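S.K.: Sequence first, predicted model second:
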Amino acid sequence: MTTEHGESTRHATVRAPAGDGAQVVRLEDAAVRVGERTLWSRANLDVRAGEFVAVLGPNGVGKSTMLQVILGAQTLAAGSVQVLGDPPGMHNDRIGYLPQRRNFDASIRIRGVDLVRLGLTGTRFGVSLPLRRAARERHRHERRRVQEMVDLVGAHAYAGRPIGQLSGGEQQRLLIAQSLVSGPALLLLDEPLESLDLPNQMAVADLVAEICRREGVTVMIVAHDVNPILAKLDRVVYIAGGQVVSGSPEEVINEQTLSRLYGTPVEVIRTTKGRLVVVGEPDVTHHHHGPHGEPLDDAHHHDAHHDAHHDAHHHDGARRPEEGRGSSST
């Protein structure tokens with residue numbers, strides 16, 4: 001592992017063996033500052049075509065900001081970034097982006113299939129003349145493409161229903177279809193598993209991994225819990241304490257690496273079912289460290305304790321209800 005200060009892990013970068021795919025995202029000594037605060041610095045990352053990459057870390061460390069850097073919506077304070085071989089923002093038409101989960105009001109009548117179609121037509125103004133041959137051909141192509149994506153995500157049975165009447169898992173599948181319908185080379189997903197119950201978390205994780213393999217799309221997914229996607233990942237990017245570490249899951253999610261990242265002892269526990277739990281060791285937990293080891297003030301201690309307890313158990317058969325509705329078996 002290379003480090004900034006010799007044996008120190010400040011700003012360390014661990015590289016997983018690169019595949020034969022073309023370079024899709026590259027960060028070199030990159031830093032991001034928001035106001036007076038530096039979120040992370042000296043980040044080095046090399047993502048290749050067809051890789052499935054998770055961006056992990058506690059809340060507020062700049063995981064979503066990394067996606068914004070890739071999109072060109074957030075400028076770097078230092079270093080450089082290239083996306084699909086050029087500066088960010090130049091190829092956003094080749095990037096599918098799903099922001100953090102939206103809530104659709106039950107009264108919204110737009111059909112799921114029409115939501116998917118917006119991924120193709122959402123930036124188009126005006127109405128094509130129906131008698132023009134080129135317009136008819138384009139409409140036929142768009143209908144075929146939308147149907148292909150609906151089928152790919154397994155949403156055929158409910159895509160004709162109003163989006164507001166669907167479960168969270170069904171909505172998320174259609175939103176993923178919308179982000180894929182334009183045929184992107186890179187898919188950015190910002191916490192797509194959040195607020196889903198366990199069966200839907202696993203189903204969506206399996207779906208994204210299958211898309212990565214079948215369509216050859218590079219996927220970068222911001223996640224709060226790595227367990228639903230752990231076995232499917234090629235690379236992990238972990239952000240904590242202003243540092244960014246990247247490598248294979250085995251290289252990054254271990255006690256030595258995470259303890260150095262956080263600057264405090266961290267224990268990585270693998271349950272009998274293969275689930276990973278990352279916690280502060282007993283001698284530091286009384287200092288109010290969160291479920292991922294991040295320091296918390298007293299006001300957040302109760303929530304952190306609850307989240308850590310929840311994190312240690314909810315994958316052993318428990319189900320998390322979706323917001324405002326029962327669980328779904330999609």
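M.R.: Looks like it arrived, so ask away.

S.K.: Now stretch 212-230 - C-alpha only, PDB.
M.R.: Presented in PDB, the C-alpha positions along stretch 212-230 are these (Å, rounded to 0.1, in the frame of the first residue of the first chain):
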ATOM      1  CA  CYS A 212     -23.000  -4.800 -15.100                       C
ATOM      2  CA  ARG A 213     -22.100  -8.200 -16.600                       C
ATOM      3  CA  ARG A 214     -24.700  -8.500 -19.400                       C
ATOM      4  CA  GLU A 215     -24.600  -5.000 -20.700                       C
ATOM      5  CA  GLY A 216     -20.900  -4.300 -20.000                       C
ATOM      6  CA  VAL A 217     -21.800  -1.100 -18.100                       C
ATOM      7  CA  THR A 218     -19.400   0.200 -15.500                       C
ATOM      8  CA  VAL A 219     -21.300   0.700 -12.200                       C
ATOM      9  CA  MET A 220     -20.400   2.900  -9.300                       C
ATOM     10  CA  ILE A 221     -22.900   2.600  -6.400                       C
ATOM     11  CA  VAL A 222     -22.900   4.600  -3.200                       C
ATOM     12  CA  ALA A 223     -24.100   2.300  -0.400                       C
ATOM     13  CA  HIS A 224     -24.700   2.500   3.300                       C
ATOM     14  CA  ASP A 225     -24.500  -1.200   3.800                       C
ATOM     15  CA  VAL A 226     -22.100  -3.200   1.700                       C
ATOM     16  CA  ASN A 227     -23.500  -6.700   2.500                       C
ATOM     17  CA  PRO A 228     -26.200  -7.000  -0.200                       C
ATOM     18  CA  ILE A 229     -23.500  -6.300  -2.900                       C
ATOM     19  CA  LEU A 230     -20.300  -7.500  -1.300                       C
END
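
S.K.: Run the chain-centre distance for it.
M.R.: How far stretch 212-230 lies from its chain's middle: 7 Å, per Cα atoms, centre = their mean, to the nearest Å.

S.K.: Specify the beta-bridge partners of residue 243.
M.R.: Residue 243 has the following beta-bridge partners by DSSP bridges: residue 240.

S.K.: any idea how far residue 42 is from it?
M.R.: Look at residue 243 and residue 42: by Cβ to Cβ, to the nearest Å, they are 8 Å apart. C-beta here means a position set from N, CA and C on the backbone, and glycine is covered the same way.

S.K.: isn't residue 77 right next to residue 38, touching?
M.R.: Yes - Residue 77 is in contact with residue 38 according to Cβ atoms under 8 Å; the separation is 6.9 Å.

S.K.: what residues are shared contacts of those two?
M.R.: Taking Cβ atoms under 8 Å, 6 or more residues apart in numbering as the criterion, residue 77 and residue 38 both touch 31, 32.

S.K.: can you pull up the bridge partners for residue 80?
M.R.: residue 28.

S.K.: is it true that it touches residue 28?
M.R.: Yes - at 4.9 Å, residue 80 counts as touching residue 28 under the criterion of Cβ under 8 Å.

S.K.: Which residue of those two possesses the greater neighbour count?
M.R.: More crowded of residue 80 and residue 28, by other Cβ atoms under 10 Å: residue 28, with 15 against 11.

S.K.: Tell me who's in contact with the more buried one.
M.R.: The contact partners of residue 28, by Cβ under 8 Å, 6+ apart, come to 44, 79, 80, 81.
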